[in-house]
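>>> okay, sequence plus prediction incoming.
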Amino acid sequence: MAVTPHHRLYEFAKTALIKIFAFPYATVCDLYCDGGVDTDKWGDAQIGHYIGIDASASGVNDARELWESRRKPFTAEFIELDPSADDFEAQMQEKGIQADVVCCMQHLQLCFESEEHAQKLLNNVSSLLKPGGYFVGIIPDSSTIWTKYQKNVEASHGKGQGLKTVPNSIRSENYVITFEVEEEKFPFFGKKYQLKFANESMFENHCLVHFPSLMRLAREAGLEYVEIQNLTEFYDDNRTQFAPMLGSYGASLVDPRGKLVARSYDILGLYSTFVFQKPDPDAIPPIVTPEVHDPENAQEEEWLWTQQASTDDGRVSRTDMLPMDNEKGILGPGPADMRL
């Protein structure tokens, strides 16, 4: 069966993220390892030890068999355990497991079915990480998805339709997104939808991830927010490094200049990278080089300084600095042309 553009783009995104955050001899914990599908990528990054964790017995067994059959150049262990389970931390501590990098390339969004579920996962991630370690992965860009949905709702109102006919789907030539429940507000947890790509028969089940809630729960678990970035922006920021690699995944995904073609932009725009870090109390803070003052940016600098000061004295959280609409939720890190 031919590999679809969606799978090629998603494989590229995972490979790129691993290239950035993996380093030689690192200990990596792969949550929801899904049969060890990314072990080749971790092997190319020359990690030292791999820990594959999945709630599915078949997923764990498949990952173990794959590693054993291909003689990966790193040690590995495989654990059947739900990463959001109550006894996860105790079991990991009993095994003495700590990781330099914890990744979750898929399924984190399913934990956003409830706040309790998401909170437990992030607490477990924090318990796994060494000080200074990173929690990275890929999630649906709920900002982009919800903005597309809102445009559909506004269009239906513009046609004089009542609330009973609020659309519950988003259609593109590349995919169809169908929400489980029709509503105009973005609930912070439990907003379920199905995603079906063109030329694929199977639906993917997801939950929207409310970014400010993700950041708040991560902070409460002891993880510092580093970045949430739409994959189109992630690609553009790293295009010099990754354009040749994406081009090798299929000539139709980028143009001759290395820019994303419309189809690639549309598909990648559905996802975001996320990066959190566990603080290291022993780390030496970096030396900050003073910047030359630019009068044209004085007003913006003053606003940023005010926000930083209020953050530092506890009056405002970093999460609260994100654009937020109480009716619609965050409409933040999606592609620029999708922001309201």
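Everything's here; your move.

>>> surely F12 is in contact with M245?
Yes. The pair F12 / M245 is scored as a contact, 6.6 Å apart, by C-beta atoms under 8 Å. Bear in mind the C-beta positions are built from the backbone N, C-alpha and C, glycine included.

>>> more neighbours, those two?
F12 (22 against 13; other C-beta atoms under 10 Å).

>>> what distance do you get for that one to I145?
Remark: distance between F12 and I145 (C-beta to C-beta, to the nearest Å) = 20 Å.

>>> now V153
Counting by C-beta to C-beta, the gap from V153 to I145 is 13 Å.

>>> looking at the two, which has the bigger crowd around it?
For V153 versus I145, neighbours defined as other C-beta under 10 Å are more numerous around I145 (25 against 18).

>>> low-confidence stretches in this structure?
1-2, 158-166, 183-184, 250-251, 286-340 (pLDDT under 70).

>>> I'd like the next helix or strand past the strand ranked longest in the chain.
Secondary structure assigned by DSSP state E gives strand 129-140 as the longest strand of the chain. Once strand 129-140 ends, the next helix or strand along the chain (criterion: DSSP states H and E) is helix 142-158.

>>> and that following helix, what does it pack onto?
strand 169-171, strand 175-179, strand 329-330 (3 or more C-beta pairs under 8 Å, 6 or more residues apart in numbering; DSSP states H and E).

>>> which one of these lies nearest to L268?
With C-beta to C-beta as the measure, strand 175-179 is the member of the helices and strands packed on helix 142-158 nearest L268 (11.8 Å).

>>> buried ones in the helix or strand just after the closest one?
Next in sequence after strand 175-179, counting helices and strands by DSSP H and E, comes strand 192-197. Applying a neighbour-count criterion of 16 or more other C-beta atoms under 10 Å, one finds K192, Y193, L195, F197 buried in strand 192-197.

>>> my guess is the last one meets T4, correct?
This points to F197. Yes. At 6.4 Å, F197 counts as touching T4 under the criterion of C-beta under 8 Å.

>>> element containing the closest residue in space to V275 that isn't next to it in sequence, please.
Leaving out its chain neighbours, the residue that sits closest to V275 by C-beta to C-beta, 6 or more residues apart in numbering is V226, at 4.0 Å. Here V226 is covered by strand 224-230, with elements defined by DSSP H and E.

>>> ok, which stretches of the stretch 201-340 of the chain are helices?
211-220, 231-237, 239-249, 262-268, 298-312 (DSSP state H, counting those that start in this stretch).

>>> walk me through the domains of the protein.
Domain assignment of the chain by automatic domain parsing yields the ranges 5-140+210-277, 143-204.

>>> export these as JSON lines, with columns for distance to I284.
Formatted as JSON lines, the domains of the chain follow (distance: least, C-beta to C-beta, whole Å):
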{"stretch": "domain 5-140+210-277", "distance to I284": "11"}
{"stretch": "domain 143-204", "distance to I284": "35"}
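
>>> out of these, which one sits most buried?
Across those, the average number of neighbours (mean count of other C-beta atoms under 10 Å) peaks for domain 5-140+210-277, which reaches a mean of 19.

>>> start to end distance for that domain?
Start to finish, the residues bounding domain 5-140+210-277 are 31 Å apart (C-alpha to C-alpha, to the nearest Å).

>>> now do that domain: distance to the chain's middle.
8 Å (C-alpha atoms, centre = their mean, to the nearest Å).

>>> if we can go back for a sec, can I get the helices and strands packed on helix 142-158 in CSV including distance to G48?
Formatted as CSV, the helices and strands packed on helix 142-158 follow (distance: least, C-beta to C-beta, whole Å):
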stretch, distance to G48
strand 169-171, 43
strand 175-179, 38
strand 329-330, 37
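
>>> figure out which of those strands is closest to L31.
strand 329-330 (23.7 Å).

>>> ok, and what's touching stretch 253-272?
The contact list for stretch 253-272 (C-beta atoms under 8 Å, 6 or more residues apart in numbering) reads 5-6, 8-10, 12-13, 138-141, 143-145, 172-175, 195, 197, 228-232, 234-236, 239, 243-244, 246-247, 252, 333-335, 338.

>>> before we move on, back to that, so which of the helices and strands packed on helix 142-158 gets nearest G43?
strand 175-179 (31.3 Å).

>>> pairing partners for the closest one, with directions?
When pairing is defined by DSSP bridges, strand 175-179 lines up against strand 169-171 (antiparallel), strand 192-197 (antiparallel).

>>> my read is D30 is in a helix, agree?
No. According to DSSP: H, G, I helix; E, B strand; the rest coil, D30 belongs to no helix; its state is strand.

>>> gap between it and S126?
On the measure of C-beta to C-beta, D30 and S126 end up 17 Å apart.

>>> then F74?
For F74 relative to S126 (C-beta to C-beta), the value is 24 Å.

>>> P83 is in what secondary structure piece?
Using DSSP H and E, no helix or strand contains P83.

>>> and stretch 115-128, C-alpha only, in CSV?
Presented in CSV, the C-alpha positions along stretch 115-128 are these (Å, rounded to 0.1, in the frame of the first residue of the first chain):
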residue,chain,number,x,y,z
GLU,A,115,-8.4,17.3,33.5
GLU,A,116,-7.6,14.5,35.9
HIS,A,117,-6.3,12.3,33.1
ALA,A,118,-4.0,15.0,31.7
GLN,A,119,-2.8,16.1,35.1
LYS,A,120,-1.7,12.5,36.0
LEU,A,121,0.2,12.1,32.7
LEU,A,122,2.1,15.3,33.2
ASN,A,123,2.9,14.4,36.8
ASN,A,124,4.2,11.1,35.6
VAL,A,125,6.3,12.7,32.9
SER,A,126,7.9,15.1,35.5
SER,A,127,8.7,12.1,37.7
LEU,A,128,10.5,10.4,34.8
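
>>> all set, thanks.
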